[in-house]
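A.B. asks: here you go, sequence then predicted model.
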Amino acid sequence: AGIDIGAQFHVVAVSADRDPKPVRSFRSFTADLHALAAWLKDVGVTSVAMESTGIYWLPVYEILEANGLEVFLVNARDAKNVPGRKTDVNDAQWLQRLHQYGLLRASFRPQQDIATLRAYLRQRERLLEYAAAHIQHMQKALMQMNLQLQHVVKDVTGVTGMKIIRAIIAGERNPAVLAQYRDVRCRASHQTIHDALIGNYRPEHVFALTQAVALYDFYQTAVAQCDARIEAVLKDLATPSESATELPRARCKSKQPNGFAFDVRQSLFDMLGVDLTQIHGMGPYLALKLVAECGNDMSRWPSAKHFTSWLSLAPGNKISGGKILSAKTRRSSSRAAAALRLAATTIGKTQTALGAFYRRLAMRIGKAKAVTATARKIAVLFYNTLRYGMTYADPGATYYEEHYRQRVLKNLMRRADSLGYCLREKPGPAEGVS
C-alpha cells in the first residue's frame, strides 16, 4: 500500500485487484487510523510506504507498526512523481506502484527504546535553547541598570553571578555587600566586582530580571527531569556482561557546560561495552548524542562507507559521459552530522593525529572541506568501535606527519622512476667536505 500523509486526512492506495475501491481516505483521528490498519490487514496488505511529511506521519507509523505491518518511511526525494497532474490520490497511487515494484528504500529509524532516548535528548536540547534566551534577558536587564556584571564575570549563570543576581532580586543594593558573594575561584578582584555593581536600580528593570531568573530556573528544573528520564532509559538499555570489565580511565576530566546530572560515560559503557570517549574529539555528550541519533546497532549499515554516506559526509557522485560533473557532499539536516562537524572543528586545535589531519587539509583545500573530511574520520572510528569493538589508540601528531612525509617521498620516487630519474637524499652540512 501507499499512503499520502496529510494534516487532517490520509489517502491510502492499494492495488486494484485487492479491493473494488482501491483508494480510500481516512481522517487523522486515532479511531480512523485503527480503521485504516484494519482495512489494510483485511485486504491482505503486509507492507506500507509513506513519505516523511512533517510530524504527521508519526502517529500513522506507530499505529501501523503496532498492528504488525511493515512500514517504509520514504524520503520524498526518492519518490518524486513524473511531471503532470498532482493530487493526493495520484501521490498515493504512485507510492503504491513504486513500493510494489520494490523501488523504494526505507529511511533509517532506530528501535523503540533508542527512539525514546532520542526524544528525551532532543527535548533536553530544546529546553537548553529556551534557557539560553532567558540568560540574554538577564544580561539585558543588568545592562539597563548599568550593572557590568557580565563584563567582569565569565559566566553570569556561574556561582558568583547567580549569587549576586539572586541577592539583587532579594532587595540588596549595596555594592560592598554584593561583592562579598564573589567565589574564591573568580578571576575578577573584589574591587572590580564592587565597581561593576554600582548601578541604577529602577524597579521595572529589577522586575524584568526577576522574571528572567524565574524562567531560567524553571527550565533548569525541566532539564533535570529530562536527565532523570535519560538515566532511566540508559539503565534499561544496559546489558549485563559475563566478563566484567572496568571503565577505562577518562581521557579528559574537564567538566562540560550544561552537563548531565549523572555519569554518562559509565552509563554508556554499561550499555555498549566500549568507551567511545577514548576517541579524540568525542566527549560524553557527543557519544550519547550519536548513539541516540544512530542507534547502537551498526549492522544496519553494511560498511563504514555506507554509514558515512548516510550521514552525508562522503563525496557524492554525479557522472555523465564518463566525466565527473560534481563530487561535493549533499546537503543534510542530520543532527549527528552537525555534531560530528562541531567535534572536527574542536579537534583541529589539538596535537593529535586527527588534529594534524585537519590542519594539513585546511591548508590544502580550505577549512570547510577539512571539517567535513575530519568529521567523516570520526564517524568511521565511531562505526568501527561499535561494530567491531575496536579500541582507539591515538598515534600522535608527530607520527601522522612522518607517515604523510613517507607517503609523499614514495610517490615522488615512483614518479621519478617513471621519468628515468633517481631521487637522492640531500647531503648534510658535514657531508661532501674533504
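C.D. replies: Now that the structure is in, tell me what you want to look at.

A.B. asks: by contact count, what packs against the helix or strand hosting residue 415?
C.D. replies: Assigned by DSSP states H and E, residue 415 belongs to helix 397-418. Packing partners of helix 397-418 (3 or more C-beta pairs under 8 Å, 6 or more residues apart in numbering; DSSP states H and E): helix 353-365. C-beta coordinates here come from the backbone N, C-alpha and C atoms, glycine included.

A.B. asks: how distant is the helix it packs on from the center of its chain?
C.D. replies: Helix 353-365 has its C-alpha centroid displaced from the chain centroid by 23 Å (C-alpha atoms, centre = their mean, to the nearest Å).

A.B. asks: swap in stretch 180-196?
C.D. replies: On C-alpha atoms, centre = their mean, the centre of stretch 180-196 falls 38 Å from that of its chain.

A.B. asks: could you export it as PDB, CA atoms only?
C.D. replies: Output of stretch 180-196 as PDB, limited to C-alpha atoms (Å, rounded to 0.1, in the frame of the first residue of the first chain):
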ATOM      1  CA  GLN A 180      31.200  39.600  49.100                       C
ATOM      2  CA  TYR A 181      29.300  36.900  47.200                       C
ATOM      3  CA  ARG A 182      32.400  36.600  45.000                       C
ATOM      4  CA  ASP A 183      33.600  33.000  44.800                       C
ATOM      5  CA  VAL A 184      37.300  32.300  45.500                       C
ATOM      6  CA  ARG A 185      37.700  30.900  42.000                       C
ATOM      7  CA  CYS A 186      36.500  34.100  40.300                       C
ATOM      8  CA  ARG A 187      39.300  35.800  38.400                       C
ATOM      9  CA  ALA A 188      37.900  39.300  38.900                       C
ATOM     10  CA  SER A 189      39.100  41.000  42.000                       C
ATOM     11  CA  HIS A 190      36.800  42.100  44.900                       C
ATOM     12  CA  GLN A 191      37.200  45.800  44.000                       C
ATOM     13  CA  THR A 192      36.400  45.200  40.300                       C
ATOM     14  CA  ILE A 193      33.200  43.500  41.100                       C
ATOM     15  CA  HIS A 194      32.400  46.300  43.600                       C
ATOM     16  CA  ASP A 195      32.800  48.900  40.900                       C
ATOM     17  CA  ALA A 196      30.800  46.900  38.400                       C
END
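
A.B. asks: what about that stretch, average pLDDT?
C.D. replies: On average, the pLDDT along stretch 180-196 is 91.

A.B. asks: look up how far residue 229 lies from residue 257.
C.D. replies: Counting by C-beta to C-beta, to the nearest Å, the gap from residue 257 to residue 229 is 21 Å.
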